[in-house]
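Colleague: attaching a predicted model along with its sequence, questions to come.
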Amino acid sequence: MKAKRGDTKTRRPSEKAPRLRISGSQHSAAPIVTLLTDFGSADYFVAALKAVILSGNPAAKIVDITHDIPPGDIEGAAFTLLAASTPFPPGTIHVAVVDPGVGSPRRPILMRLAEQFFIGPDNGIFSYLCENWESFGGSAELFQLTNTEYFRHPVSTTFHGRDVFAPVATALSNGVEPARLGTSISDLVRLAPLRPMIASDGRLLARIIHIDRFGNCVTNITGNDLTAKMIAAGPTLRLKGKSVKSFRNYFAEETTGKSKLFGIWGSAGFLEIAAANDSAAKLLKARRGDTVTVTTQQLI
Amino acid sequence: MKAKRGDTKTRRPSEKAPRLRISGSQHSAAPIVTLLTDFGSADYFVAALKAVILSGNPAAKIVDITHDIPPGDIEGAAFTLLAASTPFPPGTIHVAVVDPGVGSPRRPILMRLAEQFFIGPDNGIFSYLCENWESFGGSAELFQLTNTEYFRHPVSTTFHGRDVFAPVATALSNGVEPARLGTSISDLVRLAPLRPMIASDGRLLARIIHIDRFGNCVTNITGNDLTAKMIAAGPTLRLKGKSVKSFRNYFAEETTGKSKLFGIWGSAGFLEIAAANDSAAKLLKARRGDTVTVTTQQLI
Amino acid sequence: MKAKRGDTKTRRPSEKAPRLRISGSQHSAAPIVTLLTDFGSADYFVAALKAVILSGNPAAKIVDITHDIPPGDIEGAAFTLLAASTPFPPGTIHVAVVDPGVGSPRRPILMRLAEQFFIGPDNGIFSYLCENWESFGGSAELFQLTNTEYFRHPVSTTFHGRDVFAPVATALSNGVEPARLGTSISDLVRLAPLRPMIASDGRLLARIIHIDRFGNCVTNITGNDLTAKMIAAGPTLRLKGKSVKSFRNYFAEETTGKSKLFGIWGSAGFLEIAAANDSAAKLLKARRGDTVTVTTQQLI
């Protein structure tokens, strides 16, 4: 049982973006605008965002993060945005539209964090990003998008992705200052905290925050919660009535023990429960939100 | 019961594209080429189109509208093309390939309409666009693509997306005049009309033309068919044995009445039947083509 | 019964890329980087690759081939890469990440073939490309990616797409020479050969190598295996207990005979078994790997 701390993928306030040793790169480039929505890929919605952005800034580089967030799943969007945004270069503009409250008084907002920009509804979608950033001592700059001059008119009541968020992202990509787009605000809607809790008996109370395509169960446990020293002492993960005591450094590593299940540091900086050549989620009948407890030798 | 007329998303011949107040935008940009197909996302087909386009015009900006049109579903493609194309800037070239007749004598065509270009098979796929444009007094310019000089050789009999439509779109994006690409023609294949009918008893006879990812049932009713005045008088929508009398301005709006179903002006300019936090299509077991009738107080 | 030889889509060493008669095209363009993975479209994985590439080379044109390769399906990836890469222009860089062995000692490699570049794990994913190229007398240039200077650090053990393959593709797109990226190697991991075999009784022993979205069953039979002369003599295809004797030039062609099934030259240069307005795969309950035998008159 051994495991090395994976790549955090969480940029600390004091850090620069990971340095790539690549010759000839130029960062005075066309602005990147990413899209993350629950629109799916069969409708005209995603194309509408791109049409608006390219109409206003033909030089924009649009990158789809995903459009397969389940309809209205703000928590899923919050995790994916956290995991996906880190490797993007400074100046990237992320547009996140999972917006069941579209047209209601919920606030449209812009957040500047870690040299990147995030635009979307204030419904918790930026909650994990903000919490993670604050855990490193950083603080986000927040704006409510009040300047309708930068919206697409007439503004519909059912599609602010097209009429509010994409046009504002376009303006930003064209160099408009955040302070011109709205008014400064001091906080945003928060989801239940991302960080695991520590029980009175010393156990780590964690949960599954994402299940990926391969059936790997991503927990909310980071290297700060479960240190290399703790792992060396032999922790036990418990979830769905099963115990996981094996850790691997990579998926295809050979380890002893008859259980197919093992822990592994995933590429988003969180501990994952995986299964050898199988879907851990299927084996465990696991779902997002399921509790994961961790007991370490020191703590018993 | 109240509802405000939504954004039409249908550009009238007399209008310019909706103006975006965005600084620094330049419209002398790389040409946009959109793709709408029934190819799905798992095969090599979409990549082949992009390879051909970027081989011929490396500056082209390619935008996927969707590749998830059900195989051979011309009517679905016709609706999505109508809904998706409006916000694109003048000069955009749309390539639409839902083409069960590929290799047969069906005509490959190019249509110029509303300062945009549409390229694909003459099988009805451009029918709704054309009908909608004509309802505003506009008229499309049509060409049969006869100049094989602009095709990719050898031309296969099974993949004109790659060998005919994408190369012609590329030529157009490089500045080749439509008249060089083919010969002028006067009409195209038409689907059953998009517009609802008025029955002898005054009822509006409409239908569901699309069901979106959220289960909203898009009807073919526009603000011309059901005016603000008619809505103020309290209309009743009937479909699948149910009555819908409630209208909302936005999805999360609180309204009275115990039915979850309500009418709402959708972002494509059509009246939609939606359900509070639910899929109207699932609740109603609705499918595209299902009849929707509208009775208004004035008419009874 | 007649069938014309389709477009091979396999560029021979002696050939140039198919010439497109398009005015104004310039090939001194931004480098194209394609992505083919089993990541699906719901996770943050694909966005991570794009973030890394655009961070290192903002001018790169990224094209998704597909991300819907079934998890760990190397054979499926090998076919799709073969079929998809042909129409791309010289200089294109293909990144292929179906990598169940990530973090294990399996080699990360770069292959130069047909004026294009292929980057990914050495697990057979480039096997069909190489075999096909060799059948025309070509030979690939191979490199093991050993120069960690061009990796993203820290290199994770679970996501070499982000930390190895995408950064190396970026370096290549920025003009770094292959020889700087690693050391020359002489062979790569091979899958079972793509070519059909000839049985002692003269029958062609082939197999289904892909089933596309439309249910067409792509075989591994090319025009070299089944010549126009052989087709003129009236061959019989047998698979899943059925005989197919009818051939079509295009899908909607009218042919005699009561079976819905027919053979047709597909757009990737292979013989396909298709069904009139139906899914041949569904009718036949066919799956990849199923045997297809061909008997020709001459051979009996």
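Modeller: Good, I have the coordinates. Residues are numbered from 1 along each chain as shown, chains lettered A, B, ... in the order given.
Colleague: stretch A:200-219 and chain C, any residue contact?
Modeller: Yes - using CB under 8 Å from any CB of the partner chain, a contact is recorded between stretch A:200-219 and chain C, made by A:212-214. Every residue, glycine included, has its C-beta placed from N, CA and C.
Colleague: residue in the stretch 1-150 of chain A nearest to chain B?
Modeller: With CB to the nearest CB as the measure, residue A:103 is the residue of the stretch 1-150 of chain A nearest to chain B, at 2.5 Å.
Colleague: now that residue: phi and psi?
Modeller: For residue A:103, the backbone dihedrals (degrees, to the nearest 10) come out as phi 90, psi -20.
Colleague: who's in contact with it?
Modeller: Contact partners of residue A:103, counting by CB atoms under 8 Å, 6 or more residues apart in numbering or on different chains, are A:156-158, A:160, B:249-253.
Colleague: that older thread, show the buried residues in the residues of stretch A:200-219 next to chain C.
Modeller: Among those, those that count as buried by neighbour count (16 or more other CB atoms under 10 Å in any protein chain shown) are A:212-214.
Colleague: nearest to residue B:196, of these?
Modeller: Checking those against residue B:196 with CB to CB, the nearest one is residue A:213 at 42.6 Å.
Colleague: ok, which stretches of the stretch 151-300 of chain A are strands?
Modeller: Secondary structure of the stretch 151-300 of chain A, counting by DSSP state E, counting those that start in this stretch: strands at A:183-185, A:197-198, A:204-211, A:217-219, A:236-239, A:242-244, A:261-265, A:271-275, A:291-295.
Colleague: among those strands, which is nearest chain B?
Modeller: Closest of the strands of the stretch 151-300 of chain A to chain B is strand A:183-185, at 17.9 Å (criterion: CB to the nearest CB).
Colleague: what does the stretch 101-250 of chain A put close to chain B?
Modeller: For the stretch 101-250 of chain A, the residues found near chain B under the criterion CB under 8 Å from any CB are A:101-104, A:149-150, A:152-159, A:162-163, A:167, A:170-171, A:174-176.
Colleague: filter the residues you listed down to the buried ones, ChimeraX style.
Modeller: Selection of buried members from those for ChimeraX, criterion 16+ other CB under 10 Å:
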select /A:101,102,103,104,150,152,156,157,158,159,162,163,167,170,171,174,176
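Colleague: which SSE is residue A:117 in?
Modeller: Mapping residue A:117 onto the secondary structure by DSSP states H and E places it in strand A:116-121.
Colleague: what about that strand, near chain C?
Modeller: No - residues of strand A:116-121 contacting chain C under CB under 8 Å from any CB: none, with a closest distance of 10.5 Å.
Colleague: got it, and stretch A:126-140?
Modeller: No - residues of stretch A:126-140 are not located near chain C by CB under 8 Å from any CB, the shortest gap being 12.4 Å.
Colleague: what residues does that stretch touch?
Modeller: Under the contact criterion CB under 8 Å, 6+ apart, stretch A:126-140 has outside partners A:10, A:12-14, A:78-79, A:81-82, A:85, A:96, A:109, A:111-114, A:118, A:120, A:188-191, A:193-195, A:224.
Colleague: any buried residues in it, and which?
Modeller: Along stretch A:126-140, the positions that meet the burial threshold by neighbour count (16+ other CB under 10 Å) are A:126-133, A:140.
Colleague: show me which of the contacts of stretch A:126-140 are buried.
Modeller: In terms of neighbour count (16+ other CB under 10 Å), the buried residues within the contacts of stretch A:126-140 are A:10, A:78-79, A:81-82, A:85, A:96, A:109, A:111, A:113-114, A:118, A:120, A:188, A:191, A:194-195.
Colleague: which non-adjacent residue is nearest the one residue sitting closest to the centre of chain A?
Modeller: For chain A, residue A:82 is the residue whose C-alpha lies nearest the centre (CA atoms, centre = their mean; 2.0 Å). Spatially, and ignoring its direct neighbours in sequence, residue A:82 is nearest to residue A:128 (4.4 Å; CB to CB, 6 or more residues apart in numbering or on different chains).
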